[in-house]
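Participant: no sequence on hand, only this structure:
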Ligand code: SAM
């Protein structure tokens, strides 16, 4: 899977993601992480990418031109399927030739946002595929595990990180397919949200976790939080591991874990529990607990 990030702070994302599990997956080539520095697509000598907001008000707004050209550049790279290393792109002469956007290109972008044509190998027919461009914004739909699963099906994903007061609305209308927030609070930039999303999506890509099963039975699966986990030593500061986990009785362990999941969800996330599908026996267990 290929991640592309349009950002003013590529180092932040590269350094944040190039370690541990995601770092190993990048080394193995299961993922690629491609940084595009929006500043490299500025048109002025000082590489300025922001300007004052029309109508006045506090703060600065990211200008549409550099974002548009950086996006165009990525789309070209995706079409050519090259430059796919976990590095920053080497720009051909900083896109000198591409700095003026023709009216035809604008028209094409409006009607077929981010579409590329690929060939369906089974029936050799061309298929139109839309490359999703995710704008990280506190105004978007709040990211969750279901969305991570959906995005993990994509081959290429482009993330657009805003800064300052955000990005000129016109370019967002032209290139963005998904508006996603990581929660109801305002951060200084889209880089941390992009890292959060990439981490959550990347770990669902087959082979990224050593043990693929570990992505299958965990929090949010079936709208339940995961049961508590324990490892050695058996007794830690006079606290023992629950006896059932030492019993070797697989069915009992499973039953205990499910009950713990239900209890945790009831305590911490009753909103989720309403959507969970429980057996009659599990419902009775929950009701007995709630009556206490
Ligand atoms: N003025 C904007 C508003 O009120 O919606 C907020 C801009 S914020 C200071 C700067 C950038 O940080 C945004 O463009 C966005 O990319 C990112 N950002 C901030 N909070 C975020 C959140 N909760 N989720 C995703 N991105 C966020």
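Facilitator: Now that the structure is in, tell me what you want to look at. Computed from a predicted model, the values in this text were never measured in an experiment. Residues are numbered from 1 along each chain as shown.

Participant: how is this protein divided into domains?
Facilitator: The record's domain parsing of the chain by automatic domain parsing lists 2-202, 217-291.

Participant: which of the ones you listed is buried the deepest?
Facilitator: domain 2-202 (a mean of 16; mean count of other CB atoms under 10 Å). For every residue, glycine as well, the C-beta is placed using N, CA and C.

Participant: ok so, going back, could you tell me the least trusted of the domains of the chain?
Facilitator: For the domains of the chain, mean pLDDT drops lowest on domain 2-202, to a mean of 87.

Participant: what's the distance between it and the middle of its chain?
Facilitator: 11 Å (CA atoms, centre = their mean, to the nearest Å).

Participant: which residues in this structure form helices?
Facilitator: Per DSSP state H, the chain carries helices over the ranges 10-17, 20-28, 64-80, 103-111, 145-151, 169-175, 191-202, 250-268, 270-273, 280-291.

Participant: who are the packing partners of the last one?
Facilitator: Helices and strands in packing contact with helix 280-291 are listed as helix 250-268; criterion 3 or more CB pairs under 8 Å, 6 or more residues apart in numbering; DSSP states H and E.

Participant: and the angle for the helix it packs on with helix 280-291?
Facilitator: An angle of 40 degrees separates the directions of helix 250-268 and helix 280-291 when computed by axes from the mean of the first three to the mean of the last three CA atoms, to 10 degrees.

Participant: show me the contact partners of helix 250-268.
Facilitator: Under the criterion CB atoms under 8 Å, 6 or more residues apart in numbering, residues 223-228, 242, 244-245, 247, 272-273, 276, 278, 282, 285-286, 289-290 lie in contact with helix 250-268.

Participant: does the ligand sit close to the longest strand seen in the chain?
Facilitator: Ranked by residue count and defined by DSSP state E, the top strand of the chain is strand 132-142. Yes: applying CB under 6 Å from any ligand atom, one finds strand 132-142 in contact with the ligand at 136, 137, 138, 139.

Participant: what residue, apart from its backbone neighbours, is nearest residue 185 spatially?
Facilitator: residue 138 (7.1 Å; CB to CB, 6 or more residues apart in numbering).

Participant: if you could redo that for residue 247, that was the one I meant.
Facilitator: residue 253 (7.1 Å).

Participant: picking that back up, state the distance from the residue nearest to residue 185 to residue 60.
Facilitator: Distance, residue 138 to residue 60, by CB to CB, to the nearest Å: 17 Å.

Participant: pick out the residue of the stretch 51-200 of the chain closest to the ligand.
Facilitator: residue 162 (2.2 Å; CB to the nearest ligand atom).

Participant: quick check: that residue touching residue 137?
Facilitator: Yes: Residue 162 is within contact range of residue 137, at 6.4 Å (criterion: CB atoms under 8 Å).

Participant: what residues are shared contacts of those two?
Facilitator: With CB under 8 Å, 6+ apart as the test, residue 162 and residue 137 both reach residue 190.
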